[in-house]
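Q: Give me a model of this one.
(chains A and B)
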2 protein chains.
Amino acid sequence: MAVLRCIRCSSTFEPYPPNYKCPRCGGLLEYEIDYENLKKEKFSGKFDFWRYRKFLPKIRNKATLGEGGTPLHRAERLASRLKVRNVYLKDETRNPTNSFRDRSAALMVSNAMDMNYQAVVCATNGNLGASLAAYCAKYGIVCHVIVPKLVDMGKLAQMLIYDAIIEEHGETVDESIEKAEKLAEEAGWYQATPELNPLVIEAQKTIAYEIFEQEGTPDWMIVSMGSGGTIYSIWKGFKELQLLGKADSTPRMVGVQAQNCSPIIDKLEGKVKRQKKNLTHALAILVRKPLQEELAIKAIKESNGKAMAIPDQEIISAEHEIARLEGIFAEPASSATIAALKKLVDEGIIEKNERVVCLITGSGLKATDILQSLTKKRKTVGIGLEISTKERILRILSERESYGYEIWKKLGKTMTRPAVYQHLNELEQRGLITSFIKKKRKFFKITRRGERVLEAINELKILL
Amino acid sequence: MAVLRCIRCSSTFEPYPPNYKCPRCGGLLEYEIDYENLKKEKFSGKFDFWRYRKFLPKIRNKATLGEGGTPLHRAERLASRLKVRNVYLKDETRNPTNSFRDRSAALMVSNAMDMNYQAVVCATNGNLGASLAAYCAKYGIVCHVIVPKLVDMGKLAQMLIYDAIIEEHGETVDESIEKAEKLAEEAGWYQATPELNPLVIEAQKTIAYEIFEQEGTPDWMIVSMGSGGTIYSIWKGFKELQLLGKADSTPRMVGVQAQNCSPIIDKLEGKVKRQKKNLTHALAILVRKPLQEELAIKAIKESNGKAMAIPDQEIISAEHEIARLEGIFAEPASSATIAALKKLVDEGIIEKNERVVCLITGSGLKATDILQSLTKKRKTVGIGLEISTKERILRILSERESYGYEIWKKLGKTMTRPAVYQHLNELEQRGLITSFIKKKRKFFKITRRGERVLEAINELKILL
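A: I've put the predicted structure just below:
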């Protein structure tokens, strides 16, 4: 039997209702499953979320849209670009509503059904609201979502099509959470806000279980942080694998935030004052007063991990990079993990042979900024053709030095060879590439200035 | 060994390159695999696209992002609403780029790699372009897409993030196809336009294989039609299962088009003149001169099937219905299959105990209309609260008659009971519901006028 245990005073409580706060000391409550008895249990059944049912707090109903069992892609092209060997992407965009939150919605809606609730409420800056709305729709439960002003368009569209009752409250999710807490109490609705329901951590720990079954325990696990609950849930999963006698090591956890909104990292580094700006394009991790910061810090410290703050422009650039190299369209919050990986490799903290997993939480198709800016760009496609060829040449040379014929081939033979040489000349005149002779051939390579231009183009694409 | 055979003059040709037109008579070419030799082969390996590799034309490379093996959901709530027993949704939104076209992109990019192409081109009104761009990105191939003016925003965003070279040509995909045909010839690019590459039919026939393995051969299979290739590919799959000795029956195929753009149905019904308007919100099936209409008609006739033209407002209403009842967010072209199912049940053509599968081709997250109109609606959420309660009451009563306390409970106890009675009174005064006494209780039921109001609200939600 699972119990709820206070992480501060260690008091234990009945598992249901899934309260999040200790009535004795106010500490956060988390589930503790019976590791000794579960040691003899094997993971069994189809490779999906419900494979781990025995290792979750007990539920009777099973609300499902086919969640979990997501792929762990080996990112070979990205790895070779970063000059490391083993990079994997845990692709949670492949869940029913295209984010990792479907695991949580499945477990919470099951629990709400067990407890005979007819309405649930959650505060959300997007993914959880979309997930919950879908599961509630399927099982005929009324779904109330409190969203902040800043919320991704695609996620909102999902909540609307699934017929959730939507209320806007506050600029960021921080205020929405306060509202949802009050509403659940007053109206007697099931509380499904991730920060206020410890079942969410249980549901999401299955991501760690799956990674372990797919490729074993990695050396590093990189996760973005909003409220701080997600990184802790993954860490809890890996720790449990060890407690259950299945794994003999745990990964080092890297927590990533946007540089302009990094309260957990500020706290960890002992900075008392928080930045003023507090805004990021990565709306899924735009949280100003993270309720689970204690848990996030625990995960990073216990695992001997790291915390990284990433500027928005690097997040955006990473977004394009995993799309171009690996064919994965991730939301900005997820792309931040790739940007963090880059830095950790550059700084020599992650070594060439170490195995790294980045968590891709949700699909880029849901993110307003990406969708709108990309489609606005469309208007410039016509006039952009010439720029686009030069950009493409710069990209080819940013991978490695090359010569005219090879560049022409890589461009897909889309133009005459003299036209390619004309572009190369112009790029050289502007100082974006330089040439040199090797094996009697004229080679070209990108300059630092050329690299800066490429970075600017990436940014422009988003801001356009 | 597979060969290409002309469906008109029966001449056979080498399987590669995958030409689509007979050089002798101009008929369409299709692949014919060696059924006799394959009879002894079993489907084997993981449940995904590549499980059927032996039953596809031979390829050496394997370009993959984890396509196929999509769920076949049993749609219980939808079925009970329609008063039939067995409705299934083949959910192709669960593919890597959220549409069925990922199967085709996987096979064509594999083939392009086998043939050492460095650039591919396709004309597309959306899904195929998004798929192809993703697979090309992962395998470092240059991807040219020709899109018409009318293309869904999300699909365009995918093409852009995956770095395809995009050219706009024509109002609908008809003109784009002409352009792509010329371009491939002139530039020597791999031709990946679905209408011009018969590998697409081979790739998509695996949808039928999967359905057969999941739930056996259905009695009815409902598929929307643009160019006409998709319905034929599913039909070919079911026919092959019979030729291979695996299945002992085939389903009746229902082809669905939007009423305002239904050239295949017009042809089938012998209407010589085509409508003038020729426009639908379901952009994925907006095709005016369907190149594969001959194949679509063949599928419908051979299978003793049906063709259905559906007005846009019914498509939109079905879109909301499967989201609300089954938690699936489908693009409009797919929702049309649900609207068709409704009509066929109403007309008594599909019987209560028959087993029906509707093909859900792609995700609603990609569709401009849906996203934009839903998010525009957001502005009215505040003032819409009162309307929303009345709408909700009407929906409850449209399912079945009910009484005050039960309605209040179904509303999730979101308001006081007197407030609910106030709404009921107002609805009755407006003639949208009526009341009667049963078992000493006051029951309410929806009127025909109330039903019309609900239909109008559905439409409004999209147009807002």
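Q: Look at A:Gly431 and report its pLDDT.
A: If you check A:Gly431, the pLDDT there is 83.
Q: Not counting its neighbours along the chain, what's nearest it?
A: A:Arg449 (5.2 Å; C-beta to C-beta, 6 or more residues apart in numbering or on different chains). Every C-beta, even on glycine, is put in place using the N, C-alpha and C of the backbone.
Q: what about that neighbour, which helix or strand?
A: helix A:448-463 (DSSP states H and E).
Q: go on, A:Phe436?
A: strand A:433-438.
Q: now do A:Ala333
A: Counting by DSSP H and E, A:Ala333 is found in helix A:332-346.
Q: Counting by contacts, list what that helix packs against.
A: helix A:76-82, strand A:220-224, strand A:252-258, strand A:306-310, helix A:312-326, strand A:355-360 (3 or more C-beta pairs under 8 Å, 6 or more residues apart in numbering or on different chains; DSSP states H and E).
Q: which outside residues touch the longest one?
A: If I follow you right, that is helix A:312-326. Residues outside helix A:312-326 that contact it (C-beta atoms under 8 Å, 6 or more residues apart in numbering or on different chains) are A:73, A:75, A:77-78, A:81, A:89, A:258-260, A:280-282, A:328-330, A:332, A:335-336, A:338-339, A:342, A:360, A:364, A:370, A:455, A:458-459, A:461-462, B:134, B:137-138, B:161-163.
Q: swap in the last one?
A: Outside of strand A:355-360, the residues that reach it under the criterion C-beta under 8 Å, 6+ apart are A:72, A:84-93, A:100, A:207, A:211, A:215-216, A:218-224, A:230, A:234, A:251, A:322, A:328, A:330, A:334, A:337-338, A:341, A:350.
Q: how far off helix A:332-346 does that strand point, in degrees?
A: Strand A:355-360 and helix A:332-346 meet at an angle of 160 degrees, taking axes from the mean of the first three to the mean of the last three C-alpha atoms, to 10 degrees as the criterion.
Q: Lowest mean pLDDT among the helices and strands of chain A, which one is it?
A: helix A:368-377 (a mean of 57; mean pLDDT, DSSP states H and E).
Q: Any chance of the helices and strands packed on helix A:332-346 in TSV with mean pLDDT as columns?
A: Output for those, formatted as TSV (pLDDT from 0 to 100):
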stretch	mean pLDDT
helix A:76-82	94
strand A:220-224	98
strand A:252-258	97
strand A:306-310	96
helix A:312-326	90
strand A:355-360	98
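Q: ok, back up a step: if we go by neighbour counts, what in the helix or strand following the strand holding A:Phe436 is buried?
A: Using DSSP H and E, the helix or strand that follows strand A:433-438 in sequence is strand A:441-446. For strand A:441-446, burial by neighbour count (16 or more other C-beta atoms under 10 Å in any protein chain shown) applies to A:Phe443, A:Phe444, A:Ile446.
Q: who touches strand A:441-446?
A: For strand A:441-446, the surrounding residues in contact (C-beta under 8 Å, 6+ apart) are A:394, A:397-398, A:401-404, A:407, A:424, A:427-428, A:432-437, A:454.
Q: Only whichever of the residues you listed are buried, select them in PyMOL.
A: Of those, the buried ones go into a single PyMOL selection, burial set by 16+ other C-beta under 10 Å:
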select buried, chain A and resi 394+397+401+402+403+404+407+424+427+432+433+434+435+454
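Q: so which of the contacts of strand A:441-446 also contact chain B?
A: For chain B, no contacts are drawn from the contacts of strand A:441-446 by C-beta under 8 Å from any C-beta of the partner chain.
Q: the helices in the stretch 1-150 of chain A, which residues?
A: With DSSP state H, counting those that start in this stretch as the criterion, the stretch 1-150 of chain A has helices at A:35-38, A:76-82, A:101-114, A:127-139.
Q: Throw those into TSV and include mean neighbour count and distance to B:Met113, thanks.
A: Below are the helices of the stretch 1-150 of chain A laid out as TSV (neighbours: other C-beta atoms under 10 Å in any protein chain shown; distance: least, C-beta to C-beta, whole Å):
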stretch	mean neighbour count	distance to B:Met113
helix A:35-38	12	46
helix A:76-82	18	14
helix A:101-114	28	34
helix A:127-139	29	35
